[in-house]
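Asks: fold the following.
(3 chains)
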Amino acid sequence: MLLSDKAIRSLIREGKLIIDPLYEDSIRENGVDMRIGPEIAFPIVRGEVMDPTKDDPSLHFTVRRFSDEGIIIPGNTSILLVTEEYIKMPDDVAALCGLRSSIARWGFIAAPTLVDAGFEGQLTIEVMWTRPAPVRLYRGIRFLHVVFFRTEGKVERPYSGAYQGQRGVTLPKRLEK
Amino acid sequence: MLLSDKAIRSLIREGKLIIDPLYEDSIRENGVDMRIGPEIAFPIVRGEVMDPTKDDPSLHFTVRRFSDEGIIIPGNTSILLVTEEYIKMPDDVAALCGLRSSIARWGFIAAPTLVDAGFEGQLTIEVMWTRPAPVRLYRGIRFLHVVFFRTEGKVERPYSGAYQGQRGVTLPKRLEK
Amino acid sequence: MLLSDKAIRSLIREGKLIIDPLYEDSIRENGVDMRIGPEIAFPIVRGEVMDPTKDDPSLHFTVRRFSDEGIIIPGNTSILLVTEEYIKMPDDVAALCGLRSSIARWGFIAAPTLVDAGFEGQLTIEVMWTRPAPVRLYRGIRFLHVVFFRTEGKVERPYSGAYQGQRGVTLPKRLEK
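Replies: Sure thing, here's the model as predicted:
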């Protein structure tokens, strides 16, 4: 089942689902909104061919902190954003994240991201700005909408992968062939 | 639970879910297809830096109506489409929209959009055309696939936000910091 | 409900869900990872306006096979990938596919794709590489994450559409107005 506002609140009250910080307007009809956090990763575009199975990821990103004036995103650029919120998932609930409708309509696109049962950390989300002109973004904008699904039975091996407990914008691992 | 064709039909028969117009081929295996509606919003690309927390959205879009000859989308351009269908959601069902596989394979991408329990209106969807060459689109093309999820318990505060009852392609609201 | 690792394993054991080949690391917390298969379709970009309701799709794609050295994807290009795995869905379960978090973070975006109850075949997925520089991809990379949802009651008319039994990268059908 997809969790309603009521079901989300009771999971939080029981301490099974942790979202920190939780704002007044975080819990919505049937999901939770999350805010742009303190860091952003821009792509460093080099001349040669990238190889995600070999390259050191840090060669391909530069990470910066938001200032109060926000940060300018160049046209047609994909970035990594991180949520302000740290989330801790129970082992019988998974979640699906997508951009809020308002920010998508402005011209942002993000691949839907699944959050596994048992995961904890801030969420790193790849977002593409699809217009040619630059745009200014700010820390604190509600950008992500997260919906929660009860799993059919507890997950036998909840998440314990490489991104467990991640804080701040987290670069990708190398891909395995 | 994700609603099957049978469950969708019974919700419609009971008047709990309204999809208008509903075509012969709208209801599919476990979801509903929706068609491109009468209007399309193109981005107006200006030289200066956009600021979605300050700018008047109407400065950044131009809305046009489809003619029978269709409309040409320039290469690498994200647009706003609206569904022909007006949908009215019950307060214990939410929906998730994504592009149909056929239109995605041609080179279109859309962020997944969640439709909250209690929402009503035509759906405005951001779609990116990812090829450099122009493409012609037409009103009436089945482009969107919508799947429905029962919520765990009725939603206490069904949708009543800024886009309630929206008709025609609806531009984004300013984002709040 | 969203199926847990345990529920997925029992569906496979009962022969209701077939995923072939199934690797040691395919089944995850609450979903299944799938690998890049043998073929890739690149867009052929022509000068004139594309018309997906009239054009022969094969005029707009060129299909190639991966070699052991991988294949270079030009910057800002959307491609069609196919999964190594052939999947056969039961008629009371649907699935939702999205890119794995690691590959999304490198700069790939894919529209979420729904797999209907009763579908069988290899999955063709449109993926956009959003960086200006070229990137090398390889057959066998785990790129797709698939989660499964039980439908509310069996689907009365399981999938039997144009892509049933598809193998290899499958180009789109013409769109109907």
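Asks: quick one: residues contacting the nearest residue to residue A:127 once chain neighbours are set aside.
Replies: Take residue A:127 and drop its neighbours on the chain: the residue closest to it by CB to CB, 6 or more residues apart in numbering or on different chains is residue A:110, 4.7 Å away. Where you see a C-beta, it was placed from the backbone N, CA and C, and this is true even at glycine. Applying CB atoms under 8 Å, 6 or more residues apart in numbering or on different chains, one finds that residue A:110 lies in contact with A:97, A:98, A:99, A:104, A:125, A:126, A:127, A:128, A:144, B:111, C:109.
Asks: from these, list the buried ones, please.
Replies: A:97, A:98, A:99, A:104, A:125, A:126, A:127, A:128, A:144, B:111, C:109 (16 or more other CB atoms under 10 Å in any protein chain shown).
Asks: just the ones in helices from these, please.
Replies: Using DSSP state H, residue A:104 are the members of these that sit in helices.
Asks: and residue A:95, how far from residue C:7?
Replies: 17 Å (CB to CB, to the nearest Å).
Asks: which residues belonging to the longest helix seen in chain A are considered buried?
Replies: In chain A, with assignment by DSSP H, the single longest helix is helix A:5-13. Across helix A:5-13, burial judged by 16+ other CB under 10 Å covers A:5, A:6, A:7, A:8, A:11, A:12.
Asks: just send these back as JSON lines, with pLDDT and distance to residue A:51 too.
Replies: Putting these into JSON lines (pLDDT from 0 to 100; distance: CB to CB, whole Å) gives the following:
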{"residue": "A:5", "pLDDT": "97", "distance to residue A:51": "45"}
{"residue": "A:6", "pLDDT": "96", "distance to residue A:51": "48"}
{"residue": "A:7", "pLDDT": "97", "distance to residue A:51": "44"}
{"residue": "A:8", "pLDDT": "97", "distance to residue A:51": "41"}
{"residue": "A:11", "pLDDT": "97", "distance to residue A:51": "42"}
{"residue": "A:12", "pLDDT": "98", "distance to residue A:51": "42"}
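Asks: show me what the helix or strand where residue A:85 lies is packed against.
Replies: Using DSSP states H and E, residue A:85 falls within strand A:77-88. When contacts are defined as 3 or more CB pairs under 8 Å, 6 or more residues apart in numbering or on different chains; DSSP states H and E, strand A:77-88 sits against strand A:18-20, strand A:32-43, strand A:120-129, strand A:142-152.
Asks: report pLDDT for residue A:145.
Replies: Note on residue A:145: pLDDT of 97.
Asks: hey, what's it bridged with?
Replies: Taking DSSP bridges, one obtains residue A:33, residue A:98 as the residues bridged to residue A:145.
Asks: for it, give its distance to residue C:111.
Replies: From residue A:145 over to residue C:111 (counting by CB to CB), the distance is 17 Å.
Asks: adding distance to residue C:23, write the helices and strands packed on strand A:77-88 out as TSV.
Replies: Below are these laid out as TSV (distance: least, CB to CB, whole Å):
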stretch	distance to residue C:23
strand A:18-20	33
strand A:32-43	31
strand A:120-129	25
strand A:142-152	22
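Asks: before we move on, back to that, save the buried residues of helix A:5-13 as JSON lines, and put in distance to chain B too.
Replies: Formatted as JSON lines, these follow (distance: CB to the nearest CB, whole Å):
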{"residue": "A:5", "distance to chain B": "5"}
{"residue": "A:6", "distance to chain B": "5"}
{"residue": "A:7", "distance to chain B": "4"}
{"residue": "A:8", "distance to chain B": "9"}
{"residue": "A:11", "distance to chain B": "10"}
{"residue": "A:12", "distance to chain B": "14"}
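Asks: burial count for residue A:108?
Replies: Counted with other CB atoms under 10 Å in any protein chain shown, the neighbours of residue A:108 add up to 27.
Asks: so it touches residue A:98, yeah?
Replies: No: here residue A:108 lies out of contact with residue A:98, judged by CB atoms under 8 Å, at a distance of 10.9 Å.
Asks: who touches both of these two?
Replies: Common neighbours of residue A:108 and residue A:98 (CB under 8 Å, 6+ apart) are residue B:111.
Asks: buried ones in stretch A:56-67?
Replies: Buried residues in stretch A:56-67, counted by 16+ other CB under 10 Å: A:57, A:60, A:61, A:66.
Asks: that one vs chain B: in contact?
Replies: No: between stretch A:56-67 and chain B, judged by CB under 8 Å from any CB of the partner chain, nothing touches; the nearest distance is 10.5 Å.
Asks: now do that stretch: everything it contacts.
Replies: Contacts of stretch A:56-67 (CB under 8 Å, 6+ apart): A:36, A:38-44, A:46, A:50, A:71, A:80, A:137-139, A:168-169, A:171-174, C:106.
Asks: quick one: buried ones out of these?
Replies: Among the contacts of stretch A:56-67, those scoring as buried are A:36, A:39-43, A:50, A:71, A:80, A:137-139, A:169, A:171-172, C:106 (criterion: 16+ other CB under 10 Å).
Asks: so which pair among these is furthest apart in space?
Replies: Greatest spacing in those, by CB to CB: A:50 and A:138 (29.6 Å).
Asks: circling back: tell me the one among the buried ones among the contacts of stretch A:56-67 nearest to residue C:161.
Replies: Nearest to residue C:161 among the buried ones among the contacts of stretch A:56-67, with distances taken as CB to CB, is residue C:106, at 32.4 Å.
Asks: residue A:117 belongs to a strand, doesn't it?
Replies: No: counting by DSSP: H, G, I helix; E, B strand; the rest coil, residue A:117 is not found in a strand; it is coil.
Asks: I'd assumed residue C:29 was in contact with it.
Replies: Yes: under the criterion of CB under 8 Å, residue A:117 makes contact with residue C:29 at 5.4 Å.
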